[in-house]
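> Output the structure for:
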Amino acid sequence: MTLPESWLALPRAASGTLDLFGLLGLLCGLATGLMPTRRLILLSSALCSVCFSLHFWRLGSTTGMAMNLIGVTQSLLAARSATRAFSARVSMVFS
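Below is the predicted model of the structure:
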């Protein structure tokens with residue numbers, strides 16, 4: 001197999017598992033690092049996990065879907081408690 005043929009083999013091999021939700025999950029994951037506040041980071045991380053949950057569901061991987069849904073729950077709970085009062089209580093416990 002020559003080099004140009006190998007470059008064409010990769011998209012053909014991956015075309016069965018690539019879908020819109022996987023691409024959106026990847027883009028949300030990239031955007032998560034660009035968010036200016038902790039709350040926005042957590043909310044975009046939750047959106048990323050939702051997209052990957054749908055991606056894994058379409059692939060038939062219930063374990064991957066469940067793992068990402070747990071991540072959604074964790075991110076949303078952390079975003080809900082991302083207040084100064086909560087941060088002050090946590091810092092008192094761990095100081």
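> roughly how far out does the host helix or strand of residue 74 sit from the chain middle?
Secondary structure here is read from DSSP states H and E; on that basis residue 74 sits in helix 62-80. Taking C-alpha atoms, centre = their mean, to the nearest Å, one finds the center of helix 62-80 at 9 Å from the center of the full chain.
> in that helix, what's buried?
65, 68, 69, 71, 72, 75, 78, 79 (16 or more other C-beta atoms under 10 Å). C-beta: built from backbone N, CA, C; applies to glycine.
> residues in contact with residue 63?
The contact partners of residue 63, by C-beta atoms under 8 Å, 6 or more residues apart in numbering, come to residue 56.
> so what pLDDT did residue 7 get?
Confidence per residue is given as pLDDT, and for residue 7 that number is 72.
> Regarding this protein, what is its longest helix?
Of all segments of type helix in the chain, defined using DSSP state H, the longest is helix 38-59.
> and the angle from that helix to helix 62-80?
Between helix 38-59 and helix 62-80, the angle comes out at 160 degrees (axes from the mean of the first three to the mean of the last three C-alpha atoms, to 10 degrees).
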